[in-house]
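Colleague: A predicted structure for the sequence below; I have some questions about it.
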Amino acid sequence: MARHEVVSPIPGVFYRRPDPDSPLFTDAGETVGAEDTVCLVEVMKSFHEVQAGAAGTVVEFLVENEDEVDAGQVVAVIEAG
Amino acid sequence: MRRLLVANRGEIAVRIVRAARDLGIESVAVYSDADAEAPHVRLADHRVHIGPSSAAKSYLVVDALVAAAKDAGADAVHPGYGFLSERASFAAAVAEAGLTFVGPDAATIERMGDKVAAREVARAAGVPTVPGTPGGVEDVEEAVRAASEVGYPVMLKAAAGGGGRGIRVVDDEAALRKGFPQASREAATAFGDGRMYLERFVRRARHVEVQVLGDGGSAVHLYERECSLQRRRQKVVEEATAPGIGSEVRAAMTESAVRLATECGYRSAGTVEFLVDDESGEYFFIEMNTRIQVEHPTTELVTGVDLVAEQLRIAAGEPLRLAQDDIVVRGHALEFRICAEDPDKGFLPQPGKVGRVHLPAGPWVRSDTWLESDSAVSPYYDSLLAKVVVWGADREEAIRRSRRALAELEVEGVTTTTSMHRALLDEPWFAAGEFHTGTLEEWL
């Protein structure tokens, strides 16, 4: 089992839902595919989807919903495999 | 009007504070956590904190803004552009609090913001609209019938849409049957209203808009702006007047805009947007913006009229001071939107810390901005850093002077769209004014 870190490619505001009324993209304990969107980062009114990058099980999210993130910051950890 | 709350931020908030000061009106700035040190806050006479950095929790909260206005003893509210500027419920809440809203009343905002209702106003005023369905279409069968009458290609648009969202072009019936349900669902999600309408799609169109001022009784126009140079339906360069239209079209279109503003009893500054078919020269009403626009300085430079000051005077209850004959165009103006985006990386947003800033100045160059040395470009708001607006005796001189102005502009620390504008100024098609709404994206 390899530990895979999901990194935000851009600085911005971190969201775990596609919009405030929708369920979470995913949560700890759930399985994801490499191309599944796990969060959004909003920067200057444009939204960027962040994909898992590896198939596996979500271990944890390291950032709270609506917190600011930096480019290169780890936002989630996936146990790949 | 004694004290004005500016319900906005950035360059437009600075612009409104300045207009208020010119008129002897005190200003009240509002600010989020991220904007505590912002120039609009420093320049205003008073300031009120309204919430955290996220616009959804500060600049977009109607109750917080109305409460701020009351707490600060303001008697009027200017919404600027974007944010709550075209939200009828905000205009209504301001009025209900016993304050003056600088803009048309809630009913006019609502009517002209609904594209179906706005087209009905245009038809009543005898203003040509793009051939299409008179009202919204309910389902795909009705859309197919309507499209065969309008003729393909057709454009599907959300009745409640804006900013280019909920729009789709389809070339034939199969594409329409596939695209309609998706577009309608998108519109329902984005705007809470799934109604769609259809329009003929004009392949080579110019986007030309007429600036109007109305006092609820009479209206005048301040000629037109050309807004064809767009990327993803966001304007990049604007100019006044439009280089691509002849005097007959200009006369008819500006007169149409005044008829439309009069028909809806328009009170404030507004913009009537038209699509001009580049091949046939026909013009069609597309929508009305019931607010001051980003590109209003180009009109100010060619007419000498301070549009924000006129908005404030009208809101204060004064009748229009200008008759149509008083408004004379002199020369040509260009506006370049300088955004914190990297044109070489797909216009990736560039928030971050800014170093030294040098803004262009000198004869007939105006920089509307909130940007100053050592400020920070926040990820929370839009990417507009500055508008460089340049006047020339004619378009050629305005272009030459724009080269000088943009060569002076320096912003250290973040990448901006300045390089794109500099390159654009050297394009022969730009110099010749030979472009349409698709040209910029093709060039990029």
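Modeller: Structure's in. What do you need?
Colleague: all contacts plus neighbour counts: C-alpha atoms, from now on.
Modeller: Will do.
Colleague: what segments of chain A are helices?
Modeller: Counting by DSSP state H, chain A has no helices to list.
Colleague: got phi/psi on the residue lying closest to residue B:353 once chain neighbours are set aside?
Modeller: Closest residue to residue B:353 apart from its sequence neighbours, by Cα to Cα, 6 or more residues apart in numbering or on different chains: residue B:376 at 4.4 Å. Taking degrees, to the nearest 10, you get phi -120, psi 140 for the backbone angles of residue B:376.
Colleague: count of neighbours near the residue in the stretch 51-200 of chain B that chain A sits nearest to?
Modeller: Residue of the stretch 51-200 of chain B nearest chain A, by Cα to the nearest Cα: residue B:54 (8.6 Å). Summarising burial for residue B:54: neighbours were counted as other Cα atoms under 10 Å in any protein chain shown, giving 18.
Colleague: where does chain A dip in pLDDT?
Modeller: Across chain A, the ranges flagged by pLDDT under 70 are A:1.
Colleague: write out the residues of it neighbouring chain B.
Modeller: A:11-13, A:42-45 (Cα under 8 Å from any Cα of the partner chain).
Colleague: at 10 Å what do you get?
Modeller: Proximity of chain A to chain B (Cα under 10 Å from any Cα of the partner chain) is limited to residues A:10-13, A:19, A:41-46, A:66-69.
Colleague: give me every residue in chain B lying close to chain A.
Modeller: Checking chain B against chain A by Cα under 10 Å from any Cα, the hits are B:54-55, B:189, B:340-341, B:348-352, B:377-384.
Colleague: which of these are buried?
Modeller: B:54-55, B:340-341, B:348-352, B:377-384 (16 or more other Cα atoms under 10 Å in any protein chain shown).
Colleague: can you give me the strands for the stretch 1-150 of chain B?
Modeller: Using DSSP state E, counting those that start in this stretch, the strands assigned to the stretch 1-150 of chain B run over residues B:3-6, B:26-32, B:46-51, B:76-78, B:100-101.
Colleague: check chain A too.
Modeller: Along chain A, counting by DSSP state E, strands occupy A:2-7, A:12-15, A:31-32, A:37-43, A:46-51, A:56-61, A:68-69, A:74-80.
Colleague: ok, back up a step: which of the strands of the stretch 1-150 of chain B sits closest to residue B:67?
Modeller: Closest to residue B:67 of the strands of the stretch 1-150 of chain B is strand B:46-51 (Cα to Cα; 9.2 Å).
Colleague: show me the residues of chain B next to chain A that map onto strands.
Modeller: Filtering these for strands - DSSP E - leaves B:341, B:348-349, B:352, B:377, B:384.
Colleague: chain A: which of those is nearest?
Modeller: residue B:349 (6.6 Å).
Colleague: find the nearest non-adjacent residue to the closest one, please.
Modeller: Using Cα to Cα, 6+ apart and skipping residues adjacent in sequence, the residue nearest residue B:349 is residue B:341, 4.4 Å away.
Colleague: residue A:37 pairs with what?
Modeller: Bridge pairing for residue A:37 (DSSP bridges) gives the partners residue A:51.
Colleague: list the contacts of it.
Modeller: Residues in contact with residue A:37 (Cα atoms under 10 Å, 6 or more residues apart in numbering or on different chains) are A:16-18, A:25-26, A:48-53.
Colleague: for the residues you listed, give me CSV that also has neighbour count and distance to residue B:316.
Modeller: As requested, the contacts of residue A:37 are exported to CSV (neighbours: other Cα atoms under 10 Å in any protein chain shown; distance: Cα to Cα, whole Å):
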residue, neighbour count, distance to residue B:316
A:16, 22, 46
A:17, 18, 44
A:18, 16, 43
A:25, 15, 49
A:26, 17, 53
A:48, 17, 43
A:49, 16, 46
A:50, 20, 49
A:51, 18, 52
A:52, 25, 55
A:53, 19, 57
